Structure formats: C-alpha cells, structure tokens
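In: okay, sequence plus prediction incoming.
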Amino acid sequence: MARPKMQRTKYEILQCATKLFLEKGYTDTYVSVIAKMLHISTGNLTFWFPTKEHILAELIKELCAFQAQTEEQKAEGEYASIRAYLFELVMHASNCAESPNVKDFMISAYTRPMALEIIRANDTERVKKAFSEFCPEWTETQFIQAENVASGIEYAMLMTENTEKLSFEQRVTSSLDAIMKLYEVPAEIREQIIADVMAEDYRNKARYVFEEFCNYVEEKNRKKLEEEEK
C-alpha cells in the first residue's frame with residue numbers, strides 16, 4: 001500500500017532536490033518549489049531538512065561516498081590515489097565550465113559552511129592517504145591546515161572563467177600544481193602526474209561520471225524507500 005503523502009521521507013525530498021539543483025541550479029531552487037513538487041507542506045519538508053543548506057550538505061555527503069566508491073574501483077598504479085583525487089577536481093572543473101547549473105551547485109557547496117565542512121573533512125582523510133609518503137612527519141593539524149588552503153584553490157579553479165589569456169587547461173594545471181606543492185610533492189613528480197591527468201579524456205568522462213552520480217543518488221534513495229515500505 002502506498003504511504004500517505006504527508007509521510008513522504010527525506011529520501012524522496014533528496015531525489016527531488018537533486019533533480020532541481022542540477023536542472024535549475026542550487027540558487028534558483030526554493031524549498032517551496034520542492035515541497036510543491038512533492039505535494040507536501042513546507043513545514044513537512046523542513047521537519048526533515050530545516051534549510052535548503054541541509055539538503056545541499058546531505059548531497060555533498062552522497063557525492064563524497066560516490067567518489068570514494070569510484071576511486072576504489074580505479075586505484076591502481078604508482079600515485080594512483082593522487083591521480084584519482086586530482087582527476088576528480090579536473091572533472092568538476094570541466095562540468096562547471098560546461099554547465100552553469102552544475103557550477104552553481106559546486107560553488108554553493110564551497111561557500112556554504114555545512115557543505116564546505118564536509119568537503120574539507122572528507123578531503124583531509126583522502127590527502128592523508130594520498131600524500132603521506134611526501135610528508136610523513138606531518139601532524140593531523142598540518143593536514144587540516146593544508147586542506148583548508150587546498151579547498152580555497154579548488155574553489156578558485158571552479159569559479160574562474162576561461163579567457164583568451166587563461167585557458168581551461170592553464171588554470172586547471174596551475175591549480176593542480178599548487179595543491180601538490182602544499183603536500184611537498186617534488187616538481188618532477190608533479191609534472192608527470194599533471195601530464196597523466198590532463199592526458200585523460202576528462203571532458204567526456206566528466207559528463208559520464210556526473211550522470212552516474214545522479215543515477216547513484218536516485219538508486220540509493222529508491223532502495224531506502226523500498227526498505228521503508230517493507
């Protein structure tokens with residue numbers, strides 16, 4: 001038996017919000033619109049997510065989980081974790097360059113405190129594993145401090161527009177180099193890793209992975225809904 005509309009869960013809200021954030025952009029998606037599409041009251045929606053930023057934060061958690069799953073599948077070869085981490089940044093930048101709505105979503109994530117905290121905590125754990133051989137004496141505090149700087153570099157990379165004097169490749173490669181410098185990666189290794197990452201078909205892979213993320217969120221929430229129905 002279908003559940004009454006008033007008992008729609010946060011999973012349905014996430015499904016709807018994901019679609020709207022990526023079709024209209026985070027900024028132009030309003031809680032009232034999400035509620036209207038689900039045929040629930042705004043108060044019912046805010047019971048699960050007090051603000052739109054809470055929805056964004058939940059989706060960023062999902063993005064981090066999706067990235068971890070993807071990295072596990074591809075982690076092989078020398079400096080594989082570093083290349084996977086940097087390649088994800090390039091794909092994000094590529095999608096932002098192609099889609100204003102994706103750019104709005106990503107920039108919103110880097111400028112909203114809850115979402116940014118999740119990004120920084122997640123990436124701190126990733127870079128500790130990826131770069132530990134280059135900075136083995138570092139403390140937890142040093143990794144946290146470095147990630148705070150790295151997230152600023154990432155934000156600048158995502159939001160900067162291409163110009164005749166600064167191409168996409170130039171701003172991305174300079175950002176990747178700056179991030180690796182933070183973790184004391186030698187110049188010759190930085191150069192090789194960047195060459196490997198930029199040699200990938202990042203534009204097409206970025207489109208594909210983005211679609212896969214949307215499917216991942218849809219499928220994950222569908223399964224949770226089915227479990228609740230039992």
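Out: Perfect, I can see it now. Residues are numbered from 1 along each chain as shown.
In: so how far is the longest helix belonging to the chain off the chain centroid?
Out: In terms of residue count, the longest helix belonging to the chain (DSSP state H) is helix 202-229. The chain centroid and the centroid of helix 202-229 are separated by 13 Å, computed with Cα atoms, centre = their mean, to the nearest Å.
In: what residues sit buried inside that helix?
Out: Of the residues in helix 202-229, 202, 206, 209-210, 213, 216-217, 220-221, 224 count as buried by neighbour count, 16 or more other Cβ atoms under 10 Å. Quick note: C-beta positions are derived from backbone N, CA and C, even for glycine.
In: try stretch 89-101
Out: Buried residues in stretch 89-101 (16+ other Cβ under 10 Å): 89-97, 99, 101.
In: count the neighbours of Ala68 for me.
Out: Other residues within reach of Ala68, judged by other Cβ atoms under 10 Å, total 13.
In: in which helix or strand would I find it?
Out: helix 52-74 (DSSP states H and E).
In: how about the residue sitting nearest the centre point of the chain: what's its closest non-neighbour residue?
Out: Centroid check for the chain by Cα atoms, centre = their mean gives Leu63 as the closest residue, at 5.1 Å. Among residues not flanking Leu63 along the chain, Phe213 sits closest, at 6.4 Å (Cβ to Cβ, 6 or more residues apart in numbering).
In: contact partners for the one you found?
Out: 62-63, 66 (Cβ atoms under 8 Å, 6 or more residues apart in numbering).
In: same question, Glu200
Out: Glu200 neighbours (Cβ under 8 Å, 6+ apart): 87, 90.
In: name the residues of stretch 157-172 that are buried.
Out: Quick answer for stretch 157-172 (16+ other Cβ under 10 Å): 157-158, 160, 168, 171-172.
In: again but with stretch 11-30, I slipped
Out: 11-22, 25-26, 29.
In: so what touches that stretch?
Out: 33-34, 37-38, 45, 48-49, 52, 55-56, 58-59, 62, 100-102, 104-105, 108, 214, 217-218, 221-222, 224-225, 228.
In: how about stretch 175-184?
Out: Contacts of stretch 175-184 (Cβ under 8 Å, 6+ apart): 82, 86, 89-90, 93, 127, 130-131, 134-135, 146, 149-150, 153-154, 156-157, 189-190, 193-194, 197.
In: out of those, which are buried?
Out: 82, 86, 89-90, 93, 127, 130-131, 135, 146, 150, 153-154, 157, 190, 193-194, 197.
In: now, those residues that are in helices?
Out: Per DSSP H, the buried ones among the contacts of stretch 175-184 map to helices at 82, 86, 89-90, 93, 127, 130-131, 146, 150, 153-154, 157, 190, 193-194, 197.
In: could you list the low-pLDDT ranges of the chain?
Out: 1-8, 71-76, 229-230 (pLDDT under 70).
In: got the domain ranges for it?
Out: In terms of domains, the chain is parsed into 5-53+216-229, 54-213 (source: automatic domain parsing).
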